[in-house]
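Engineer: Using only what follows, build the 3D model:
(chains A and B, ligands or ions: 1)
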Amino acid sequence: MLARLLLGLLLMVSAAAAIAAELPQLPKARGEACIDSPATMRRDHPDMLKHQRDDTLRLGIRGAKASLKECVSCHSTQAADGHAVPVNDPGQFCQSCHAYAAVKPDCFECHATTPKAPMKEAAR
Amino acid sequence: MTDLSRRQVILASGAILIATPAAARQAGQPATSSQRWGLLIDTAKCGAECTICVDACKAEMGLGGHDRPRTDAQYIRKVNVRDPASGAAHSVPVMCQHCAKPACVDVCPTGASMKRADGIVLVDRHICIGCRYCMMACPYKARSFAHEEQTGQQPHLPRGKGTVEGCTLCVHRIDEGKMPACVEACASRAKGAMLFGDLNDQSSEIAQRVAREATTRIRADLGLEPAVRYQGI
Ligand code: SF4
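Structural biologist: Below is the predicted model:
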């Protein structure tokens, strides 16, 4: 009886340990604080972004609290050589969590994955 | 100091600017139909070889090509026209004409092609299905289709495979109170052939010149009422 209990406990602990070991490792954000608590952001960020995208594009309302552009500029990292690493590269902020949750967002098929690149003026 | 809007500062300074910048809306305010953004293009000042506006647009919008001019995205192009009878030649920059009655909006089955309250015609790529009806309907050949997966987009201009795109009149700049990139580049690096402004504002230079001088709209016979006007053709 005790042995069984112990075994069960051991299994539970090891399962928890396995999950903990696999939790995504996210690079640290640049900014001070996000627009809401981590729990809210994890749960609601798709709705937040979906809400404001129509307002911005169709009505021209700018400066909303939630903004994909801001997500990218705060959560993107820089490689050693100074160039910006796309947020959807493996191990990066967006991708590591989406890979863990097995969700493939299509935002980044169109939206920039790095902050604004310096404009290269073709004709000067 | 009290917070003055950009417009109030400009008015108070009594400055008359060559090209009036737009009044930036307050953050959180929607575009309104009290404004109607437009362009006046003086073809006499537009050189046949000059592509400064086109290059500025490509840089601003992050439009990389695949060296396939027939299908690569272009929001503005130079059209060289010549009257066979007289030999008179003109070079005309043509972009989305931001029609008051846009044919693309009429035919779009999803509502992706849309006109903002201030007259700027856009494609909502969130709902565009890439059917390209709008490209067929547009008499100005102003829209492009993204055939390939896109990378290196600018944060202010998302663009992706399988959707239609076109000149946005640099809506991201207008909303900040700036001029479109092509207009700015033409003014600073060429002869300033383009004038941008609010056609509804009777005190704006563009509205006054349109009221005073002879201007034309290309394919005016179609009755789409473009916001882009030309002089000298
Ligand atoms: S391609 Fe997109 S924007 Fe054009 S008509 Fe079809 S759905 Fe509408």
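Engineer: which sections of the chain are below the confidence cut-off?
Structural biologist: No chain in the question, so chain A it is. A:1-21, A:117-124 (pLDDT under 70).
Engineer: that answer is for a different chain, and I need it for chain B
Structural biologist: B:1-23.
Engineer: Repeat the analysis, applying 50 as the threshold.
Structural biologist: Where chain B drops to pLDDT under 50, the residues are B:1-2, B:9-20.
Engineer: What are the boundaries of the strands in chain A?
Structural biologist: A:77-78, A:84-85 (DSSP state E).
Engineer: Point out the most buried one among these.
Structural biologist: With neighbours taken as mean count of other C-beta atoms under 10 Å in any protein chain shown, the strands of chain A reach their highest mean count in strand A:84-85, at a mean of 16. Every C-beta, even on glycine, is put in place using the N, C-alpha and C of the backbone.
Engineer: which one of the strands of chain A lies closest to chain B?
Structural biologist: Taking C-beta to the nearest C-beta, strand A:84-85 is the member of the strands of chain A nearest to chain B, at 10.9 Å.
Engineer: How about the backbone phi and psi for the residue nearest in space to the middle of chain B?
Structural biologist: Nearest to the mean C-alpha position of chain B, by C-alpha atoms, centre = their mean, lies residue B:169 at 3.4 Å. Main-chain dihedrals, residue B:169, degrees, to the nearest 10: phi 60, psi 20.
Engineer: Excluding covalently adjacent residues, which one is nearest to residue A:41?
Structural biologist: Among residues not flanking residue A:41 along the chain, residue A:34 sits closest, at 5.5 Å (C-beta to C-beta, 6 or more residues apart in numbering or on different chains).
Engineer: give me the number of residues near that neighbour?
Structural biologist: Residue A:34 has 15 neighbours, counted by other C-beta atoms under 10 Å in any protein chain shown.
Engineer: which bits of chain B sit near the ligand?
Structural biologist: B:107-108, B:110, B:112-113, B:123, B:128-134, B:164 (C-beta under 6 Å from any ligand atom).
Engineer: 5 Å instead, please
Structural biologist: By C-beta under 5 Å from any ligand atom, the part of chain B that sits against the ligand consists of B:108, B:110, B:112, B:113, B:123, B:128, B:129, B:131, B:132, B:133, B:134, B:164.
Engineer: Could you tell me which of the residues you listed are located in helices?
Structural biologist: B:133, B:134 (DSSP state H).
Engineer: and which of the residues of chain B next to the ligand is nearest chain A?
Structural biologist: Closest to chain A, out of all of the residues of chain B next to the ligand and judged by C-beta to the nearest C-beta, is residue B:123, at 9.3 Å.
Engineer: Against residue B:200, how distant is that closest one?
Structural biologist: 24 Å (C-beta to C-beta, to the nearest Å).
Engineer: Make sure residue B:95 is actually in contact with residue B:78.
Structural biologist: No - using C-beta atoms under 8 Å, residue B:95 is not in contact with residue B:78; the gap is 10.4 Å.
Engineer: Compare the two and say which one has the larger neighbour count.
Structural biologist: Using other C-beta under 10 Å as the criterion, residue B:95 and residue B:78 rank with residue B:95 on top: 24 against 17.
Engineer: Write down the beta-bridge partners of that one, one by one.
Structural biologist: When bridges are called by DSSP bridges, residue B:95 pairs up with residue B:76.
Engineer: more neighbours, residue B:123 and residue B:200?
Structural biologist: Between residue B:123 and residue B:200, counted using other C-beta under 10 Å, the more crowded position is residue B:123 (23 against 16).
Engineer: Name whatever forms a beta bridge with that one.
Structural biologist: Residues in beta-bridge contact with residue B:123 (DSSP bridges): residue B:113.
Engineer: In contact with it, which residues?
Structural biologist: Residue B:123 sits next to B:112, B:113, B:114, B:134, B:143, B:163, B:164, B:165, B:166 when contact means C-beta atoms under 8 Å, 6 or more residues apart in numbering or on different chains.
Engineer: just to revisit the earlier point, tell me if I'm right that the residue nearest to residue A:41 and residue A:45 touch.
Structural biologist: No - using C-beta under 8 Å as the test, residue A:34 is too far from residue A:45 to be in contact (9.4 Å).
Engineer: Quick check: the closest residue to residue A:108 other than its chain neighbours vs the ligand, distance?
Structural biologist: Excluding its sequence neighbours, the residue lying closest to residue A:108 (C-beta to C-beta, 6+ apart) is residue A:88, at 4.6 Å. Relative to the ligand, residue A:88 is positioned 24 Å away (C-beta to the nearest ligand atom, to the nearest Å).
Engineer: swap in residue B:188?
Structural biologist: 33 Å.
Engineer: which stretch of helix or strand covers that residue?
Structural biologist: Per DSSP states H and E, residue B:188 falls inside helix B:181-189.
Engineer: Right, I'll leave it there.
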